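Everything below, folded, please.
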Amino acid sequence: MRLTIRRLEAAGLSWPLPDELTDAALEARLFAKTGNGNRQGRRRIAVPDWAAVHRELKRMHVTLSKR
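Residues are numbered from 1 along each chain as shown. You can find the predicted model right below:
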């Protein structure tokens, strides 16, 4: 939580976020490359393709349970 607040401050953002700020623009500002070419931050895990998950769950005989 503290890291997120630091990134918001570093990006010049405050809460509430502007309505015109898209998710992609927010991510670009929070995880932008620094002047030395290093990334300021990055996701630790890959984000699932939720649209594909939703499509798959609509198929017959597909459930959320594990085997």
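
Using the three-state scheme, assign the residue nearest in space to the middle of the chain.
The centroid of the chain falls nearest to Glu27 when counting by CA atoms, centre = their mean (6.0 Å). Secondary structure state of Glu27, per DSSP: H, G, I helix; E, B strand; the rest coil, is helix.

Against Val47, how distant is it?
10 Å (CB to CB, to the nearest Å). The C-beta positions use only the backbone N, C-alpha and C, and glycine is treated the same way.

got it, and Arg2?
Applying CB to CB, the value for Arg2 to Val47 is 22 Å.

try Ile5
Ile5 is 21 Å from Val47, by CB to CB.

mind listing the helices for the chain?
Ranges of helices in the chain, per DSSP state H, are 2-10, 23-30, 50-58.

For my notes, please list the ones you listed in JSON lines and give mean pLDDT for each entry.
Converted to JSON lines, these look like this (pLDDT from 0 to 100):
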{"stretch": "helix 2-10", "mean pLDDT": "84"}
{"stretch": "helix 23-30", "mean pLDDT": "87"}
{"stretch": "helix 50-58", "mean pLDDT": "91"}
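
export those helices to a markdown table and tack on distance to Leu64?
Listed next are the helices of the chain as a markdown table, based on distance: least, CB to CB, whole Å:
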| stretch | distance to Leu64 |
| --- | --- |
| helix 2-10 | 29 |
| helix 23-30 | 25 |
| helix 50-58 | 7 |
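
which one of those lies closest to Leu17?
helix 23-30 (6.9 Å; CB to CB).

now for the closest one, which elements pack on it?
helix 2-10 (3 or more CB pairs under 8 Å, 6 or more residues apart in numbering; DSSP states H and E).

what's the angle from the helix it packs on to helix 23-30?
Counting by axes from the mean of the first three to the mean of the last three CA atoms, to 10 degrees, helix 2-10 lies at 90 degrees to helix 23-30.

Could you work out the end-to-end span of stretch 13-28 for me?
12 Å (CA to CA, to the nearest Å).

With stretch 5-20 instead?
Its first and final residues considered, stretch 5-20 spans 20 Å by CA to CA.
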